[in-house]
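# predicted model and sequence follow; I will ask about them next.
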Amino acid sequence: MTDPAAYFEGLVFIGNIPRDVSAFLTAAGRPGTLAHVRTVAGQARLLAGKFCRANMAQAMKDAAAAAYCHDLAAVVPLAEIVAVAEGWGVALSEADRAIPQVVHGPLAAEVVRRKFEIEDAAILDAIRYHTTLRARAGQLEKVVFVADKLALDPAASNRDFLPDLNAALADGLDAAARVYLRWMVEHGPALGITLHPNLLAAYEELR
Ligand SMILES: [Fe+2]
Ligand SMILES: [Fe+2]
């Protein structure tokens, strides 16, 4: 099934993003994803409160909204996700098509734009680039990126970057992002993970 509308039919915007996302993910049988996005939203609010000193209240609200929405496209199977994203006109690069694991970010941004009528570029970019980050990322992108990595499934193996990531937060968001990016560059390939050009560009910039 590659019709995007069919996957997101159950996502209805009542006006309360946490509630609307919860209802959708629950009906889709994704309690693990829901628990994850709730944790990321909590982390993202904290990080925004700590690091987004200009207009902090709005930044905390936007960070939580982006975090709630960042993994909405987890309901689409990996084998279908490129076709589903292209069905809604999501612009994908060669690398995106070669590494479909990253496509749930750009697809979720398009879902949110269509379903929740959110046009705020900072929120959409935070959702779009949450897997890899990118060079010249905005503050909200870094908040959601780092919050997502702090909240990775505790049952998953290969999370030995977490103590360093937590420690690096004392030095700021860039330092924390750098810890994860370096870990991916050093360990990803041996784990069979192909490094996306956006991740490599973010690392080059922040290293
Ligand atoms: Fe994700
Ligand atoms: Fe996530």
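It's in. Numbering: from 1, shown residues only. Ligands and ions are numbered 1, 2, ... in the order given.

# so what's R97 closest to, chain neighbours aside?
V82 (5.5 Å; CB to CB, 6 or more residues apart in numbering). To be clear about C-beta, it is placed using only N, CA and C from the backbone, and glycine gets the same treatment.

# number of residues surrounding that neighbour?
19 (other CB atoms under 10 Å).

# quick one: A85 from ligand 2, how far?
Applying CB to the ion, to the nearest Å, the value for A85 to ligand 2 is 17 Å.

# please determine how far that residue is located from A177.
Going from A85 to A177 by CB to CB, to the nearest Å gives 25 Å.

# show me which of the two is the more surrounded one.
A85 (28 against 24).

# quick check, the residue nearest to R97 in contact with V102.
No: if you go by CB atoms under 8 Å, V82 and V102 don't touch, sitting 10.5 Å apart.

# and for the two, which residues touch both?
D96 (CB atoms under 8 Å, 6 or more residues apart in numbering).

# can you list the residues of the chain near ligand 2?
Residues of the chain lying close to ligand 2 by CB under 5 Å from the ion are D71, D148.

# which SS class is the residue nearest the centre of the chain?
Centrality entry for the chain: nearest residue to the mean C-alpha point is H130, 3.1 Å, by CA atoms, centre = their mean. Three-state call for H130 (DSSP: H, G, I helix; E, B strand; the rest coil): coil.
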